[in-house]
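**Student:** what would the 3D arrangement of this be:
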Amino acid sequence: MQCPSCQNTDSRVLESRSADAGRSVRRRRECLNCDFRFTTYERIETVPITVLKRNGSRETFSRSKLLNGITRACEKTSLNPGKIETIVDELELKLQQRNLREVSSSEIGEMVLDELRETSEVAFVRFASVYRQFDGVNDFVATLETFKADKGELATIG
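**Tutor:** As a prediction, the model looks like this:
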C-alpha cells in the first residue's frame, strides 16, 4: 500500500476491524518511512452482472432496483425490512456465484417469485402482477390457482 504522504510502499498494519456490516475490512496503517498513519479499506471485488431486458437491451445489475421492487411488493405486509434485505442479499449472492455474467430479467423475476412464494403470499401476488404484466382478473385467478396447487402439493408431500 502506498503512503499518501511520501508514496513509500512499505507500511505496517496497526489495527484491523470489520466494516460495512462485514463486507469490508478497515485497516489502520503506519508508513515505515515517514511514520504517517492512514486508513485503508479492503473489499471483495465483484465482476459486474449484465441483465438482459425483455426489450433486448442490456444494463448492469442494480441491487437497489431489485430491493425497491421487492420492497414495493412487500408494502403493508408483515415482512420486516431486515428480511427483505436478506432476500436481496441471497439473490445477489446466487447471481454472483454463477459462472455466467449475463442473466435475463425474467430469470431474476422467477428467482424473486420463488423467494416470495415461501415468504409472503401477498407479496408474491403483488410482485407477480407487475413482473408478469397482469392484464386483468383472470391473470390473478390463474396465478392464485397455481399458487394454491403448489401449496397443496407441498402439504401432501410434507
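
**Student:** let's test this: name the helix or strand in this structure with the lowest mean pLDDT.
**Tutor:** The weakest-scoring helix or strand in the chain, judged by mean pLDDT, DSSP states H and E, is helix 137-157 (a mean of 66).

**Student:** quick one: stretch 11-25 to chain centroid distance?
**Tutor:** 23 Å (Cα atoms, centre = their mean, to the nearest Å).

**Student:** same thing with stretch 65-80?
**Tutor:** That offset, for stretch 65-80, works out to 13 Å (Cα atoms, centre = their mean).

**Student:** which residues sit against it?
**Tutor:** 81, 84-85, 87-88, 91-92, 108, 112, 116, 119-120, 122-124, 126-127, 130 (Cβ atoms under 8 Å, 6 or more residues apart in numbering). Just so you know, the C-beta spots here come from the backbone N, C-alpha and C atoms, and that holds for glycine as well.

**Student:** buried ones from those residues, can you make that a ChimeraX selection?
**Tutor:** To isolate the buried ones among these in ChimeraX, judged by 16 or more other Cβ atoms under 10 Å, type:
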select :84,87,88,91,92,108,112,116,119,120,123,124,126,127
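
**Student:** are we agreed that F38 is in a helix?
**Tutor:** No - counting by DSSP: H, G, I helix; E, B strand; the rest coil, one finds F38 to be strand, located in no helix.

**Student:** who is it paired with across the strands?
**Tutor:** R29 (DSSP bridges).

**Student:** and what of the one 4 residues further on?
**Tutor:** Beta bridges link E42 to V25, judged by DSSP bridges.

**Student:** burial check on it, number of neighbours?
**Tutor:** Residues lying near E42 (other Cβ atoms under 10 Å) number 12.

**Student:** tell me the contacts of it?
**Tutor:** By Cβ under 8 Å, 6+ apart, the neighbours of E42 are S24, V25, R27.

**Student:** now the last one: how far from R17?
**Tutor:** Counting by Cβ to Cβ, to the nearest Å, the separation of R27 from R17 is 8 Å.

**Student:** tell me which of these two has more neighbours.
**Tutor:** Shown here are R27 and R17; by other Cβ under 10 Å, R27 has more neighbours (18 against 8).

**Student:** quick check: mean pLDDT of the helix or strand hosting the more buried one?
**Tutor:** Here R27 is covered by strand 24-31, with elements defined by DSSP states H and E. Per-residue pLDDT over strand 24-31 has a mean of 94.
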